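> 3D model of this:
(2 chains)
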Amino acid sequence: MNNNHDLLIKRLFPEELPSPAELEKKYPPRSLAETTMVTRVAPSPTGFVHFGGLYASLISERLAHQSSGIFILRIEDTDKKREVAGTAELFAHSLKQYGIINDEGLNEKSEEIGNYGPYKQSERSAIYHAYIKDLLQQGKAYPCFATTEELEALRNQQETMGDRSGYYGRFATWREKSTEEALAALDKGFKPVIRLKSPGNFQNKIMVDDLLIGKREMPENDQDIVIMKSDGLPTYHFAHAVDDHLMRTTHVIRGNEWFPSLPLHLQLFSILGWKAPVYAHLAPIQKIDNGNKRKLSKRKDQEADLSYYKKAGYPEEAVIEYLLNLANSNFEDWRREHLDTDNGEFVLSLKKLAKSNGPLFDLIKLTDISKEIIAKMNADEVLERSLVWAKEFDQDLAKRLESDTAYSRQILNIEREGAIKPRKDISRWSEIGEEIEYFYDDDFTVEASLKQEILNEIEPNQAKLIIQDFLSTYNIEDGQEEWFDKLKVVAEKHGYAGNNKEYKASPDKYKGQVGTVAKLLRILLTGRTQTPNLCAIMQVMGQKRVEKRLREI
RNA sequence: GGUCCCUUCGUCUAUCGGUUAGGACACCAGGUUUUCAUCCUGGUAAGAGGGGUUCGACUCCCCUAGGGACUACCA
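A predicted model of the protein is given here:
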């Protein structure tokens, strides 16, 4: 009997495996202070980076580094069916782009760093097998040859009978099978999964503790869950326990979809004889759909995919600040008091993390934050970053920006550097193209209808005279005040009030007010009715261009 | 069905038994500006419902309702 049991284990794991003791030695406890946190983010590489993944990464990284700790990127690629090649690299790269630096695991150069690796679960098979073999030897796990069909049938039966579904208790038939039966199944070429022989009782209540949710009572786990799939790879649950123990993770920060598995995970740690990490289960970012909230979903919501923000051209720090805002609502107070401080200096508090069931994603708030952030940038930065964006997503804009970078820089600097109130009208790089369009001559036109609109307000011949008079005194060097004074003189000469108050006081005395004259210039120069400061625009455009456009009347 | 979580302005949230329930975004109105974007001032707007406990409840307890998660050889 005993011999057969050994034989079974040998047939299951013929390879040479390290012992648990050796692994303990190879991955020793980190010599860190009590308060230091070791955190990790553990995405599964299924083709894209989820917005929520960035959120969890941000929180984990900040907490680790605020405590002089370690932040790890581990790749959970145990589901070979869903894996999409290159996602691990994409994740590492994205983290880096958003300024989230991991100390261990895959870095943005696709190198693995750190002494607690490998950090890809598919490369850790020997480690998982070592522990599974050990559990098998101790009789705490067993092979199960139940087929998918059998399990399906079991589920159906349980459902109709009103039983809890799952592989547990009297339903866990392979738990009771003899070693010989297992060997026979093996002989027939069947590939088993390995199940945990759960010592739990569903009737027992255990206390679980979560940093965000608090202490809660939950039933003990009695499910003989699969710890190793028939392809030899571990399931999430088992890999989590092994990896977070061996990597010496102190705090597991993850989505609260895992909260129901907590009794199971605690049981795994206990069976393996390890101290469980501290858990913090994060509420997922949600979206409203037909009046109901639901998690952001890759399939339905483009904003679930991080690449959406890149393509739309939101600056990375805007996304980060939005996320910080969701994480700690006092972030915006901090931001008001520290206008120019890097958000890295904000101290993130785990305690202040919302306990709600998940905030709704708010694109408008992101936009607002983004406008503030871009407004603070200088022209060089705006040029450089919009150019980087344009090269990837808008070739025409890139060409335009590069055609005369000094000119582009001047355009982007209008009402920016040195301005008391810098413009806050750009929220994403994708808006720059339209914003600066009219400064370039290649396809500049004034729509006929627009021209007509102003010529209905100012009679055409008079408009010509106004332009003539204006150009006769206009000097490109004129500052704001001089410029406007001259405009007023011209306006008044032609029967327009010099300011709105005068006009309003006696509208009958005037044909209009100086704003109407400005509108004439604005339309001829830019082809639109709303632009930044006209004087500044003209200075940037230059004497020749201004004259040419104004004479196009 | 079972287990568990959640519920304050439209949205994100503050309040940790005594507040005119505060802020931010959004929205509306007024003001400043040559237009717009700003900026300034003001405004609309909230404790799911019902029971307790208490001198007093958004806050503590219970019930109901609504929403969410999990219930795989997916994570």
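> So A:L521 lies in a helix, does it not?
Yes. A:L521: assigned to a helix according to DSSP: H, G, I helix; E, B strand; the rest coil.
> So which bits of the stretch 351-500 of chain A are right by RNA strand B?
With CB under 7 Å from any atom of the strand as the criterion, the stretch 351-500 of chain A meets RNA strand B at residues A:352, A:354-360, A:362, A:364-365, A:368, A:371, A:415, A:421-425, A:480, A:483-484, A:499-500. Where you see a C-beta, it was placed from the backbone N, CA and C, and this is true even at glycine.
> filter the residues you listed to the buried ones?
Buried residues within these, counting neighbours by 16 or more other CB atoms under 10 Å: A:358-359, A:371, A:415, A:422, A:483-484.
> Please narrow the residues of the stretch 351-500 of chain A next to RNA strand B to those residing in helices.
Members of those lying in helices (criterion: DSSP state H): A:364-365, A:368, A:371, A:480, A:483-484, A:500.
> And those residues, which two are furthest apart?
Of all pairs drawn from those, the one with the largest separation by CB to CB is A:K365 and A:W483; the distance is 37.8 Å.
> Now for chain A, the helix or strand with the poorest mean pLDDT.
Least confident helix or strand of chain A, by mean pLDDT, DSSP states H and E, is helix A:500-505 with a mean of 72.
> List the buried residues for that one?
Taking 16+ other CB under 10 Å as the neighbour-count basis, helix A:500-505 is seen to contain the buried residues A:502-503.
> Residues in contact with the very next helix or strand once past it: which ones?
In the C-terminal direction, the helix or strand that comes right after helix A:500-505 (DSSP states H and E) is strand A:512-513. Contacts to strand A:512-513, defined as CB atoms under 8 Å, 6 or more residues apart in numbering, come from residues A:457-458, A:491, A:496-500, A:502-503.
> ok, now stretch A:233-241?
By CB under 8 Å, 6+ apart, the list of residues contacting stretch A:233-241 from outside reads A:42, A:76, A:78, A:80, A:121-122, A:124-125, A:128, A:131-132, A:196, A:225-229, A:242, A:252, A:261, A:264-265, A:268-269, A:272, A:274.
> check whether it contacts RNA strand B.
Yes. Using CB under 7 Å from any atom of the strand, stretch A:233-241 reaches RNA strand B at A:233, A:235-236.
> Can you show me the CA trace of that stretch as CSV?
Taking Å, rounded to 0.1, in the frame of the first residue of the first chain, the C-alpha atoms of stretch A:233-241 are listed here in CSV:
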residue,chain,number,x,y,z
LEU,A,233,0.3,23.9,-14.4
PRO,A,234,-1.1,25.1,-11.1
THR,A,235,-4.4,26.9,-10.7
TYR,A,236,-4.5,30.5,-9.5
HIS,A,237,-5.2,29.6,-5.9
PHE,A,238,-2.3,27.3,-5.5
ALA,A,239,0.1,29.5,-7.4
HIS,A,240,-0.9,32.5,-5.4
ALA,A,241,-0.1,30.7,-2.1
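> Is A:R409 in a helix, a strand, or coil?
When classified by three-state DSSP, A:R409 comes out as helix.
> residue boundaries of the helices in the stretch 1-150 of chain A?
For the stretch 1-150 of chain A, the helices defined by DSSP state H, counting those that start in this stretch cover A:2-12, A:20-26, A:51-66, A:87-97, A:125-137, A:148-161.
> The ones you listed into TSV, with extra columns for mean pLDDT and distance to A:R549?
Supplementary listing: these in TSV, determined by pLDDT from 0 to 100; distance: least, CB to CB, whole Å:
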stretch	mean pLDDT	distance to A:R549
helix A:2-12	90	82
helix A:20-26	96	73
helix A:51-66	95	44
helix A:87-97	95	41
helix A:125-137	96	70
helix A:148-161	93	73
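> Highest mean neighbour count out of those?
For those, the stretch with the most neighbours on average is helix A:51-66, a mean of 23; neighbours defined as mean count of other CB atoms under 10 Å.
> That one close to RNA strand B?
No. On the criterion CB under 7 Å from any atom of the strand, helix A:51-66 is out of touch with RNA strand B, staying 9.7 Å away.
> What is the distance between that helix and the centre of its chain?
Counting by CA atoms, centre = their mean, to the nearest Å, helix A:51-66 is centred 10 Å from the centre of its parent chain.
> again, but for stretch A:43-61
Relative to its chain's centre, stretch A:43-61 lies at 7 Å (CA atoms, centre = their mean).
> End to end on that stretch, go ahead and measure it.
Chord length of stretch A:43-61, first to last residue, is 14 Å (CA to CA, to the nearest Å).
> Please apply the same query to stretch A:295-309.
18 Å.
> cool, and stretch A:204-217?
Where stretch A:204-217 begins and where it ends lie 10 Å apart, using CA to CA.
> Tell me the buried residues in it?
Within stretch A:204-217, the residues that count as buried by 16+ other CB under 10 Å are A:208, A:210, A:212-213.
> Tell me which two of the residues you listed sit farthest apart.
The most widely separated members of the buried residues of stretch A:204-217, counting by CB to CB, are A:V208 and A:L212 (12.1 Å).
> joint contacts of these two?
Jointly contacting A:V208 and A:L212 under the rule CB under 8 Å, 6+ apart is no residue at all.
> Just the buried subset of the residues of stretch A:233-241 next to RNA strand B, please.
By the neighbour-count criterion of 16+ other CB under 10 Å, the residues of stretch A:233-241 next to RNA strand B include these buried positions: A:233, A:235-236.
> Return the distance of the closest residue to A:N328 other than its chain neighbours relative to A:H251.
Ranked by CB to CB, 6 or more residues apart in numbering and with sequence neighbours excluded, the top spatial neighbour of A:N328 is A:K352, at 4.5 Å. Taking CB to CB, to the nearest Å as the criterion, A:K352 is separated from A:H251 by 16 Å.
> Next up, the contacts around A:D425.
Neighbour list for A:D425: A:371, A:435 [criterion: CB under 8 Å, 6+ apart].
> er, A:L264 actually
A:L264 makes contacts with A:221, A:223, A:225, A:237, as judged by CB under 8 Å, 6+ apart.
> got a markdown table for the residues you listed, with secondary structure too?
A markdown table is the format used below for the contacts of A:L264 (three-state DSSP):
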| residue | secondary structure |
| --- | --- |
| A:N221 | coil |
| A:Q223 | strand |
| A:I225 | coil |
| A:H237 | helix |
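> For those, which entry has the maximal number of neighbours?
Among these, A:N221 has the most neighbours (other CB atoms under 10 Å), with 26 neighbours.
> Any figure for the gap between A:P43 and RNA strand B?
7 Å (CB to the nearest atom of the strand, to the nearest Å).
> what do you get for A:L95?
Taking CB to the nearest atom of the strand as the measure, A:L95 and RNA strand B are separated by 17 Å.
> Surely that residue and A:G105 touch.
No. Assessed by CB atoms under 8 Å, A:L95 is found out of contact with A:G105, at 9.6 Å.
> Now for these two: what residues contact both?
A:L73.
> so who does A:G498 touch?
With contact set as CB under 8 Å, 6+ apart, A:G498 has these partners: A:488, A:491-492, A:513-514.
> Can I get those residues in JSON lines including distance to A:D301 and neighbour count?
Formatted as JSON lines, the entries for those read as follows, by distance: CB to CB, whole Å; neighbours: other CB atoms under 10 Å:
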{"residue": "A:K488", "distance to A:D301": "52", "neighbour count": "18"}
{"residue": "A:A491", "distance to A:D301": "52", "neighbour count": "26"}
{"residue": "A:E492", "distance to A:D301": "57", "neighbour count": "16"}
{"residue": "A:Q513", "distance to A:D301": "48", "neighbour count": "21"}
{"residue": "A:V514", "distance to A:D301": "49", "neighbour count": "22"}
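> remind me which residues of the stretch 151-300 of chain A are low pLDDT?
Along the stretch 151-300 of chain A, segments meeting pLDDT under 70 are nowhere present.
> Now do the strands in it.
A:193-196, A:205-210, A:214-219, A:226-228, A:251-255, A:278-282, A:286-289, A:292-295 (DSSP state E, counting those that start in this stretch).
> Tell me which strands the last one pairs with, and in which orientation.
This means strand A:292-295. Partner strands and pairing direction for strand A:292-295 (DSSP bridges) are strand A:286-289 (antiparallel).
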